[in-house]
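[1] Need the 3D shape of this:
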Amino acid sequence: MNLETLRADARACFAAALAAVDPERAVACALARDGDALVLRGADGEALARHAGPVLLVGAGKAVVSMASAARTVAGASLRDGVVIAPHGRVARDLAPIGIRRAAHPVPDAAGVAATDEIVRLVEGARDDTLVVVLLSGGASALLAAPAAGISLADVQVLTAALLAAGADIAALNAIRKHCSRVTGGGLARAAAGARGCWTLVLSDVVGDDLATIGSGPTVADPTTFADALAHLAALGVTPPPAVAAHLAAGAAGSVAETVKPGDPVVERVCVRLVAGNGDAVAGAADEARRRGYAVTRWREALRGDAAAAGRALGRALLASSEPGRHAVVAGGETTVRAVSGGLGGRAQHLALAAADALAGAPAVLLAGGTDGVDGPTTAAGGCVDGETATRLRTCGIDLARALAATDSHRALAAAGDLVVTGPTGTNVADVVVALREAK
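    Numbering: from 1, shown residues only. So this is what the prediction gives:
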């Protein structure tokens, strides 16, 4: 087996990971019709809730259009109206009566504010015979843009950009964003309090599938506080805009109402169903690797923390394995990168570039990709490196260590011919890494 075969197998495993978290199929498994009633089903097919009457559908995220398509088909004539928010640039679809709005991610824009206002007005007007169905996937935190009173969109944009540059993980990022928003942290559940009920279907991009973190939890209780948000900012060394600092300080002092907390009646009436997550994608990749003849090791824990450290650790673990035959290490999660000014890349590309150093000279490959098809502010999903990547970089006059230090993984991988480009995939469950090694 040569490196090209290993690379082809890695790409096939990544494709299988994406197929395992297809949002339309996931939502279609969670919703069903029973006569004139819409039924929310659990993972085992059991009925979790039923509703016979009008339905409103709202949502946001990178996968929300595909999720809405499936929900629209199942709901049929019960669906009266709806609005969902997807990132700019996604393929247009006609989902009438659901309106599709476009907005910016990961830094929110005015279009997101306008679309979120439209969603809030729609659910606030829901009658007591109407069910509100909320669809959420990764990216919803930025797309549901509703700055708290006294905070401007510009303030949120500056804050978000600073948090991303500081390498904030999703938990810290969302704890801060929830306390600067009127909709997340249970705010959408408050807006829908007049409806008969609220069902939330979630495609998780969060390690551990914490419902309060996914999309910043617009319909669930928020265990974090204003004090937590301030602590995260201090730990990251981020100074927020003055209006944000004043708002958070007022909240910590008790002068501004907290986000919705456990036990609040508005969230007690919400039924939440996790339809798919990163674990499903990793399982899909592992199954494909086994089908192709690899002995598979699933990484011992979800990927977190520094992307370069994770890449080196995965590469070394693959090569150190005592498995005599072809071997695969499969992992998933969400790492972080503390960006350096002038660098270009994303966490998956950074992880892959670091792994190239560990794999140098070995008959092995590692593919790291964002399941949404967009890694950082680039057009790539990630990178696929092998034992010869370091040599190719040297031939191009690129020092691998310097590229890592400059967080310039995109340009380095492009020069080596090692970018993975899929375009937007329509799903989003964080990152998947597939590392393959030839038999010893």
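
[2] so where's the longest helix in this protein?
    Assignment by DSSP state H gives helix 3-20 as the longest helix of the chain.

[3] Which helix or strand lies directly C-terminal to that helix?
    helix 23-30 (DSSP states H and E).

[4] first vs last residue of stretch 233-253, how far apart are they?
    In stretch 233-253, first residue to last residue: 17 Å (C-alpha to C-alpha, to the nearest Å).

[5] actually stretch 187-205, sorry about that
    First-to-last residue span, stretch 187-205, C-alpha to C-alpha: 20 Å.

[6] Now do the longest helix of the chain, average pLDDT.
    With pLDDT averaged residue by residue, helix 3-20 scores 97.

[7] For the stretch 151-300 of the chain, which residues score under the pLDDT cut-off?
    The model of the stretch 151-300 of the chain has no residue with pLDDT under 70.

[8] Strands of the stretch 251-400 of the chain, residue ranges please.
    In the stretch 251-400 of the chain, the segments counted as strands under DSSP state E, counting those that start in this stretch are 270-276, 295-298, 327-333, 364-370, 382-386.

[9] Switch those over to TSV, and while doing so, append mean neighbour count and distance to Thr213 to every line.
    Every C-beta, even on glycine, is put in place using the N, C-alpha and C of the backbone. Below are the strands of the stretch 251-400 of the chain laid out as TSV (neighbours: other C-beta atoms under 10 Å; distance: least, C-beta to C-beta, whole Å):
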stretch	mean neighbour count	distance to Thr213
strand 270-276	20	12
strand 295-298	17	23
strand 327-333	25	13
strand 364-370	30	17
strand 382-386	31	22
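
[10] Compare those and give me the one nearest Leu144.
    Proximity to Leu144, assessed across the strands of the stretch 251-400 of the chain by C-beta to C-beta, is greatest for strand 270-276 (15.8 Å).

[11] Give the pairing partners of that closest one; include direction for each.
    strand 197-203 (parallel) (DSSP bridges).

[12] Quick check: next helix or strand after the partner strand?
    Following strand 197-203 in sequence order, the next helix or strand is helix 226-236 (DSSP H and E).

[13] List the contacts of that next one.
    Helix 226-236 is contacted by residues 163, 166-168, 172, 175-176, 178-180, 239-240, 248-249, 251-252, 256, 258 when judged by C-beta atoms under 8 Å, 6 or more residues apart in numbering.

[14] same question, stretch 260-270
    Residues beyond stretch 260-270 that count as contacts (C-beta under 8 Å, 6+ apart) turn out to be 185-187, 189-190, 192-193, 197-200, 219-223.

[15] redo that, cut-off 6 Å
    Gly186, Ala189, Arg190, Ala193, Gly197, Cys198, Thr219, Val220, Ala221, Asp222 (C-beta atoms under 6 Å, 6 or more residues apart in numbering).

[16] now the closest residue to the fourth one other than its chain neighbours: how far from Thr219?
    Beyond its immediate neighbours in the sequence, the residue positioned closest to Ala193 (C-beta to C-beta, 6 or more residues apart in numbering) is Val266, lying 5.1 Å away. Look at Val266 and Thr219: by C-beta to C-beta, to the nearest Å, they are 9 Å apart.

[17] Check the contact lists of those two and give me the overlap.
    Ala189.

[18] okay, these two: which has more neighbours?
    Thr219 (31 against 18; other C-beta atoms under 10 Å).

[19] So the more buried one is in contact with Ala189, correct?
    Yes. Using C-beta atoms under 6 Å, Thr219 is in contact with Ala189, at 4.3 Å.

[20] quick revisit: tabulate the strands of the stretch 251-400 of the chain in JSON lines, adding columns for distance to Ala231.
    Formatted as JSON lines, the strands of the stretch 251-400 of the chain follow (distance: least, C-beta to C-beta, whole Å):
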{"stretch": "strand 270-276", "distance to Ala231": "27"}
{"stretch": "strand 295-298", "distance to Ala231": "33"}
{"stretch": "strand 327-333", "distance to Ala231": "23"}
{"stretch": "strand 364-370", "distance to Ala231": "28"}
{"stretch": "strand 382-386", "distance to Ala231": "32"}
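
[21] The top strand by length along the chain packs against which elements?
    Ranked by number of residues, the top strand in the chain under DSSP state E is strand 79-87. Here strand 79-87 touches strand 55-60, helix 64-75, strand 98-103, helix 110-124, going by 3 or more C-beta pairs under 6 Å, 6 or more residues apart in numbering; DSSP states H and E.

[22] Would you mind telling me which of these is nearest Arg304?
    Comparing the helices and strands packed on strand 79-87 by C-beta to C-beta, strand 55-60 comes nearest, at 24.7 Å.

[23] Pull up the pairing partners for that closest one, direction included.
    strand 79-87 (parallel), strand 131-136 (parallel).

[24] related to what we said a few turns ago, are any of the contacts of helix 226-236 buried, and if so which?
    Buried by 16 or more other C-beta atoms under 10 Å: 163, 166-168, 172, 175-176, 178-180, 240, 248, 251-252, 256, 258, out of the contacts of helix 226-236.

[25] Between these, which sits nearest Val420?
    Closest approach between the buried ones among the contacts of helix 226-236 and Val420, by C-beta to C-beta: Gly167, at 22.1 Å.

[26] what separates stretch 275-283 from the chain centre, distance-wise?
    Between the centre of stretch 275-283 and the centre of its chain there are 12 Å (C-alpha atoms, centre = their mean, to the nearest Å).
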